[in-house]
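S.K.: What follows is a predicted protein model with its sequence.
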Amino acid sequence: MDGGRLRSGHEPLDGVLGGGLPGNGITVIMGLPGTGKTILAQQYTFHNARPDRPAVYFSTLSEPLEKIVRFGQTLEFFDAAAIGRSVYYEDLGQTASQEGLTGVGARVAEVLRERRPGLIIIDSFKALHALPGGDTEFRQFLHQLAGRLTAFPAAALWIGEYEAADAAVAPEFAVADAIVELTVVPFGQRELRSLHVRKLRGSGFSSGQHGYRLTSRGLRLFPRLADIPLRSGYQMGVDRITTGIPALDPMLGGGLWPGSSTMIGGPSGSGKTIMGLQFLYGGSRHGERGIIATLQENPTQLRRVLSGLGWQPDHPDVQVMYRSPVDIYIDEWVHDLLQAAEHLQARRVVIDSLADLQLAAMDDTRFREFMYSLVQRFSRQGISVLTTYETPGPFAAGPLPEFTISHLADNAIELSRDRDHGVMSRSLAVIKARASSHDPGTRPFTIGPGGIAIGDPPAPGQPPRHRRAKATPA
């Protein structure tokens, strides 16, 4: 415990809890089977147990103590040397079956006197409802137990397979100082795990649903990314930056503003990923490091693309963050990207693609909230973001979704593929450029060594002419 707070050893979780759980209070950890309640309880156990203030872990009538201990041994934080020295496991199941609630209360009081623990866990607390005696006796037991724990300087975690409706009727929720709920919601073949702080007396905490994963290191939390606008505003760069495509900069009014967000929309094969890569490699020539967070091409595929364009595949200033779209968890992904950008000191980020990320979010509201907050954070840091969005259809670009135009994109560029008399061609148009006087015309372009080359605007009644791409060192 640190400063009167019970800490988990995992900083993101402690931050969401406003510094930790109450160090001298009762916390209910609720959730259906399989949500990770026991893992989280053991995480708190081993992080806080001390020989002079040990942790006592009581099992009751739900899972055998042997199973809890055996499973705990698979976790990295489990310390066998601490057992019997600073961590004590005790099975209350037999006491509960033979002596009922009275026996349970008496045994807990005895352990308080003998062990002088700093942390007490009762798993499962809800299972005690099944003991004979009815509601009146349970409430008397609860009152006595809460009184003992309040008088003794110890933190208590009551673990239970509670559903949301139980929080309104079960009396233990009324005496709890904190309530933490773990949920798992299936979405097709995936699951969305969320932690929700329902109650935390005397402390501020982060509201909303926070994603998490269960790992061998315990519960890993990814706090909800909710951006709050700064009242005082923030400084932005005044000198435009290049897109990496010389002929595109004038179309955008002289280039991009630092910290702006640009969305590239177009059908499959229209050149969106290549434009994103050219944005990164163009920045590297000006000392600006960048990251491509891709759900499209894996690193091997990207190296092949870069080699074909004559660019250095393993550039020290261009980092690839690849995640498989079938196993991506947007809560984890967004925090990984923020950490990668901070570590690299990136000035440019490409997200390829928004459509894959939207599917991974499983919920449009969550997707918009995450992306809005991510774009705003990058903007305040002066990091320029380029995103891609695949529009339906194999040829001409379809309509872009409204959310990409409103708050996710300062600039929007539309790419198209066209077939004319059996010949495939590509064209682009700047359809939005915030705080810029942009060229609204459609321009042809080709992809070759050096990347994208934009052609001259066609004269009235004349076919378009294309500039040859000049190879540029990457």
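M.R.: Yep, it's here.

S.K.: only C-alpha atoms for contact and neighbour calcs from this point on.
M.R.: Noted.

S.K.: Report the contact partners of the nearest residue to Asp418 once chain neighbours are set aside.
M.R.: Nearest residue to Asp418 in three dimensions, chain neighbours excluded: Ser425, at 5.2 Å (CA to CA, 6 or more residues apart in numbering). By CA atoms under 8 Å, 6 or more residues apart in numbering, Ser425 lies in contact with 417-419, 444-446.

S.K.: where are the low-confidence patches of the chain?
M.R.: Residue ranges of the chain with pLDDT under 70: 1-3, 227-237, 393-407, 421-422, 458-474.

S.K.: if you set the cut-off to 50 instead, what comes out?
M.R.: For the chain, residues meeting the criterion pLDDT under 50 lie at 464-474.

S.K.: For the residue with the shortest distance to the centre of the chain, identify the helix or strand it belongs to.
M.R.: Centroid-nearest residue in the chain, with CA atoms, centre = their mean: Asp331, separated by 1.8 Å. Assessed by DSSP states H and E, Asp331 sits inside helix 330-344.

S.K.: what do you get for Asp418?
M.R.: Under the criterion of DSSP H and E, Asp418 resides in strand 411-420.

S.K.: quick one: buried residues of that strand?
M.R.: 411-418 (16 or more other CA atoms under 10 Å).

S.K.: and it, what other elements does it pack with?
M.R.: Applying 3 or more CA pairs under 8 Å, 6 or more residues apart in numbering; DSSP states H and E, one finds that strand 411-420 contacts strand 261-266, strand 423-433.

S.K.: what's that strand in contact with?
M.R.: So strand 411-420 is contacted by 260-267, 270-272, 394-397, 405, 424-434 (CA under 8 Å, 6+ apart).

S.K.: Sheet partners, orientation included, of that strand?
M.R.: strand 261-266 (parallel), strand 423-433 (antiparallel) (DSSP bridges).

S.K.: and the helix holding Asp331, what does it pack onto?
M.R.: So helix 330-344, by 3+ CA pairs under 8 Å, 6+ apart, packs with strand 210-215, strand 218-222, strand 290-294, helix 354-361.

S.K.: Can you lay out those as JSON lines showing mean neighbour count and distance to Ile179?
M.R.: Listed next are these as JSON lines, based on neighbours: other CA atoms under 10 Å; distance: least, CA to CA, whole Å:
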{"stretch": "strand 210-215", "mean neighbour count": "18", "distance to Ile179": "14"}
{"stretch": "strand 218-222", "mean neighbour count": "21", "distance to Ile179": "17"}
{"stretch": "strand 290-294", "mean neighbour count": "25", "distance to Ile179": "36"}
{"stretch": "helix 354-361", "mean neighbour count": "18", "distance to Ile179": "26"}
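
S.K.: Phe378: which of those is closest?
M.R.: Smallest distance to Phe378 across the helices and strands packed on helix 330-344 (CA to CA): 12.4 Å, for strand 290-294.

S.K.: angle of the closest one against helix 354-361?
M.R.: Following axes from the mean of the first three to the mean of the last three CA atoms, to 10 degrees, one obtains 60 degrees for the angle between strand 290-294 and helix 354-361.

S.K.: what's the angle between strand 290-294 and helix 330-344?
M.R.: Interaxial angle of strand 290-294 relative to helix 330-344 (the same axes, to 10 degrees): 160 degrees.

S.K.: Past strand 290-294, which element shows up next along the chain?
M.R.: Following strand 290-294 toward the C-terminus (DSSP H and E): helix 299-308.

S.K.: Now tell me what touches that next one from outside.
M.R.: Helix 299-308 is contacted by residues 312-314, 320, 322, 449 when judged by CA under 8 Å, 6+ apart.
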